[in-house]
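K.L.:
Model the structure of this input:
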Amino acid sequence: MPLTQEQKKQYKSIGHHLKPVLTIKVNILDRESRLAAIAELCKSGKAELVQVIGKMALLYRKNVNVNKQLSNIHRFK
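P.N.:
Sure, this is the predicted structure:
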């Protein structure tokens, strides 16, 4: 299910203050290949792309077993 613009806006504001949960360092020189790699990460990780700034991508994947005390989404609502 694609994210709405309102959801993306909310997740951008939440994601701005978070430290990465998973960091994968990949050096891809041209922009088209970088965007293709991000799209493949979204597909393989069953995630939605929220934002790309330069070489940094913010992805969102819904957790089916949410622990509201640990969830960044529930804390920032």
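
K.L.:
Please name the bridge partners of the residue nearest the centre of the chain.
P.N.:
Nearest to the geometric centre of the chain sits Leu59, at 1.2 Å (CA atoms, centre = their mean). For Leu59, the beta-bridge partners are Leu49 (DSSP bridges).

K.L.:
and it, what is it in contact with?
P.N.:
The contact partners of Leu59, by CB atoms under 8 Å, 6 or more residues apart in numbering, come to 41-42, 45, 47-50. For glycine as for every other residue, the C-beta is placed from the backbone atoms N, C-alpha and C.

K.L.:
With distance to Glu6 added, can I get the residues you listed in a markdown table?
P.N.:
Output for those, formatted as a markdown table (distance: CB to CB, whole Å):
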| residue | distance to Glu6 |
| --- | --- |
| Leu41 | 24 |
| Cys42 | 20 |
| Gly45 | 23 |
| Ala47 | 18 |
| Glu48 | 14 |
| Leu49 | 16 |
| Val50 | 12 |
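
K.L.:
Would you mind checking the residues you listed for buried ones?
P.N.:
42, 47-50 (16 or more other CB atoms under 10 Å).

K.L.:
Could you export these to CSV, including columns for pLDDT and distance to Gln69?
P.N.:
CSV is the format used below for the buried ones among the contacts of Leu59 (pLDDT from 0 to 100; distance: CB to CB, whole Å):
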residue, pLDDT, distance to Gln69
Cys42, 92, 27
Ala47, 92, 23
Glu48, 92, 24
Leu49, 92, 27
Val50, 92, 23
